[in-house]
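*Asks:* this one's sequence-less:
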């Protein structure tokens, strides 16, 4: 069974938490193991932390999750011209992306360091 979920979101923590819970419920319904679901939830949270650190307030972007029997692919796209010129000093070290890279099987980022695509084997 395949699952495809696409959500357009403003830069808002509450809405990302809702997406994380919806995706977790869908993965649970598909029989995905708890540890893999926890990893996907943390990947989404850290991806969002990276976006919030780099995108100005009011910017909207899209999160796509595609799940098949073997993997979950999370893609975040954003308007390239809306990247913030001021980077939060706490995020310049890239902790969010390092956490994502440790949990994922593949991570692709664009030139400004915002996440584009993460693949996690289930």
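*Replies:* Right, received. Where do you want to start? Since the structure is predicted, the reported quantities are computational estimates derived from the model, not experimental observations. Numbers count the residues shown, from 1 in each chain.

*Asks:* And the helices in the chain?
*Replies:* Secondary structure of the chain (DSSP state H): helices at 13-29, 34-54, 95-103.

*Asks:* Show me where the protein dips below the pLDDT cut-off.
*Replies:* 11-13, 54-59, 78-94, 111-115 (pLDDT under 70).

*Asks:* Name all residues that make contact with the residue nearest to residue 30 when sequence neighbours are not counted.
*Replies:* The shortest distance from residue 30 to any non-neighbouring residue, by CB to CB, 6 or more residues apart in numbering, is to residue 1 (6.2 Å). C-betas here are computed from N, CA, C, even on glycine. Applying CB atoms under 8 Å, 6 or more residues apart in numbering to residue 1 gives the contacts 30, 68-69.

*Asks:* I'd like to know how far residue 1 sits from residue 116.
*Replies:* As for residue 1, its distance to residue 116 is 26 Å (criterion: CB to CB, to the nearest Å).

*Asks:* can you check residue 105 too?
*Replies:* 15 Å.

*Asks:* do residue 10 as well
*Replies:* Counting by CB to CB, the gap from residue 10 to residue 116 is 19 Å.
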